[in-house]
Every structure is written in structure tokens, then in C-alpha cells.
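Enquirer: with the input below, show me the fold.
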Amino acid sequence: MRETREGGKAVAFLVDMHVHTREASSCASQSVEELLARAEQVGLGGVAITDHNQISGAQKAQRVARRRPVKVFLGIEVQTEEIGDVLVYGLRHEFPDAPVSMRRLSRLVEKEKAIMFAAHPFRRYSRGALWGYLEEEGISWKHSLRLPEILWPLAGVEVFNGGCTPQENEEAQAFATRFRLLGIAGSDAHSPWRVGWTATEFPHAMKSDEQLVEALREGKFKITRGQTEFESDKERKQHLKAMAELQGQELMTYVEDWIRRKSPKP
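Expert: Predicted coordinates for the structure are as follows:
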């Protein structure tokens with residue numbers, strides 16, 4: 001088993017459950033090779049590559065990683081019509097026609113014995129998420145005892161996402177707790193510097209996608225790393241605005257300063 005150290009304490013098999021590659025996600029800047037190198041550098045045992053609606057990046061990474069210490073697990077982030085993005089593990093299927101219905105996705109997940117979690121369910125800068133569905137349907141989940149039927153196929157939700165604010169992640173955790181859903185964590189890294197900020201710890205190393213799915217289904221994991229890039233929705237909006245408006249050297253300087261300020265301190 002590959003162990004890492006967190007504050008001088010030995011921990012088990014750490015997996016970043018939500019990362020992207022430029023091979024299959026147009027919004028990502030990191031290559032498979034850059035992702036794997038960074039994952040090894042920050043002490044991860046594995047990464048679950050969850051590109052948008054495609055698995056080609058994950059499949060390439062699995063081939064590249066055969067002679068590397070970091071294990072690659074097959075994942076995908078599927079855009080659904082109803083609740084936005086859903087993270088699926090163990091599903092060998094792509095969705096070029098996304099968004100797709102939860103009913104169709106659920107059938108495929110059940111057929112292939114995969115498992116799925118709502119991604120960044122309370123991330124507020126886009127209505128394409130679980131919170132948007134709940135609001136549109138008039139569901140006051142904090143006062144409800146019953147999980148909406150459309151969500152029954154979910155094993156859980158992503159309770160800690162590196163691109164969410166602390167408040168958004170706290171809301172996701174409260175939702176999972178209320179309905180006794182499993183909660184996973186991932187950095188949602190689109191570039192190398194955020195890889196491993198957030199990770200899910202498993203008690204032993206896993207060698208296959210099937211073993212990951214089994215461990216997830218049994219709830220044999222916990223969140224041991226958790227850092228977010230944004231402290232508030234306001235800060236995130238200001239950052240996205242700057243990234244869209246700045247150009248050339250001014251943009252490069254801004255990005256370098258942002259990474260320096262936000263990166264975890266040794």
C-alpha cells in the first residue's frame with residue numbers, strides 16, 4: 001500500500017475523485033502526463049479522471065499510468081437535463097449528445113454496475129446543478145424527510161469540491177447528512193496546481209475500477225484533504241471576470257500572483 005503523510009501522520013490510499021484533462025475536456029489546460037506527474041508529486045495514490053461527457057482522457061491516462069506509481073480510475077462527469085453534472089465511476093460510455101436525462105443515465109449506470117454522485121451540488125454560479133433543480137421544483141430540502149424520486153439512483157453527492165466556496169461545500173455536506181447519502185471529495189482540477197488539494201482517503205490501495213466502485217458502494221472512505229480555491233462567491237466572480245477580461249502579460253502576471261496566493265503553504 002502506498003502511504004503519504006499529512007501533518008506527520010501516516011494516511012492510507014488518497015484519491016482525487018474529480019480531475020480533468022485537456023485530452024477530453026476543452027476547459028482543461030493540463031495534459032495526462034502533467035496531471036500524473038503532479039499527482040505523484042503531491043502524494044496521491046490515485047486519481048479518478050472525470051472529463052466532461054467523455055472517457056478518452058481517462059482511458060489514455062490508464063495506459064500511460066501502467067508504469068507509474070499513481071493509479072488512474074475511470075470516471076466521467078455527465079451533464080444531465082435535470083440536476084446538472086453527475087460524477088460516474090466505472091461506466092464505459094460516452095455522451096456526445098449531452099445533456100441526457102437522469103432516467104437514461106440511471107439505466108446505464110445500473111446495467112454496467114457503476115456508481116454515481118451529484119457533482120458540486122450547491123455551486124451557485126451556475127443553475128446547472130442540484131440546487132437549481134430543487135429551487136425550480138420548490139423543494140425545501142432542509143424541511144423534507146424524503147429524497148426526491150429523481151435522486152434515488154444517486155449513491156451520494158460531492159460534499160467537498162475544490163472549486164466551491166466553503167459555504168457551498170457545507171451545504172452539500174448538510175444535504176448528504178440529512179438524506180444519509182455518501183459524500184466524496186475532489187479538487188475539480190483543470191490545471192496541475194490544484195490537483196490533490198482535495199482528496200478522498202480509502203483504507204487500502206485499489207488496483208481496478210471495479211475495486212473503486214465496490215469501496216464507494218460500501219462507504220469505505222473518508223475525506224482527509226480539503227482546501228478550496230475561493231473563500232466566497234464574490235471572490236470567485238471577480239476572479240472569473242479578470243480571467244475573461246485580461247490579456248497578454250497582464251493576464252500572465254495575474255495568474256502567477258493568484259496561484260502564489262492560493263497554493264497551500266508547505
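
Enquirer: can you tell me the element residue 17 falls in?
Expert: strand 13-19 (DSSP states H and E).

Enquirer: what angle separates the helix or strand just after that strand from strand 13-19?
Expert: Towards the C-terminus, the helix or strand next in line after strand 13-19, according to DSSP H and E, is helix 32-41. Interaxial angle of helix 32-41 relative to strand 13-19 (axes from the mean of the first three to the mean of the last three CA atoms, to 10 degrees): 150 degrees.

Enquirer: list of residues touching helix 32-41?
Expert: Helix 32-41 has contacts (CB atoms under 8 Å, 6 or more residues apart in numbering) with 16, 19, 21, 23, 30, 46-47, 49, 57, 60-61, 64-65, 68-70, 72, 189, 192-193, 195-196. Glycine gets a C-beta too; all of them are placed from N, C-alpha and C.

Enquirer: give me the element residue 227 is part of.
Expert: Under the criterion DSSP H and E, no helix or strand holds residue 227.

Enquirer: per-residue pLDDT, residue 125?
Expert: Looking at residue 125, its pLDDT reads 83.

Enquirer: one more: residue 9?
Expert: With respect to pLDDT, residue 9 has a value of 51.

Enquirer: what are the buried residues along the helix or strand residue 86 falls within?
Expert: Using DSSP H and E, residue 86 sits within strand 84-89. For strand 84-89, burial by neighbour count (16 or more other CB atoms under 10 Å) applies to 84, 85, 86, 87, 88, 89.

Enquirer: residue 249: which of those is nearest?
Expert: residue 85 (34.0 Å; CB to CB).

Enquirer: ok, that closest one - contacts?
Expert: Counting by CB under 8 Å, 6+ apart, residue 85 makes contact with 52, 77, 78, 79, 118, 119, 120, 128, 129.

Enquirer: bridged to it, which residues?
Expert: When bridges are called by DSSP bridges, residue 85 pairs up with residue 79.

Enquirer: separation between it and residue 177?
Expert: 21 Å (CB to CB, to the nearest Å).

Enquirer: neighbours of residue 223, how many?
Expert: 18 (other CB atoms under 10 Å).

Enquirer: what angle separates the strand holding residue 86 from strand 13-19?
Expert: Using the same axes, to 10 degrees: strand 84-89 against strand 13-19 is 140 degrees.

Enquirer: I'd like the next helix or strand past strand 84-89.
Expert: Note on strand 84-89: by DSSP H and E, the next helix or strand toward the C-terminus is helix 102-111.
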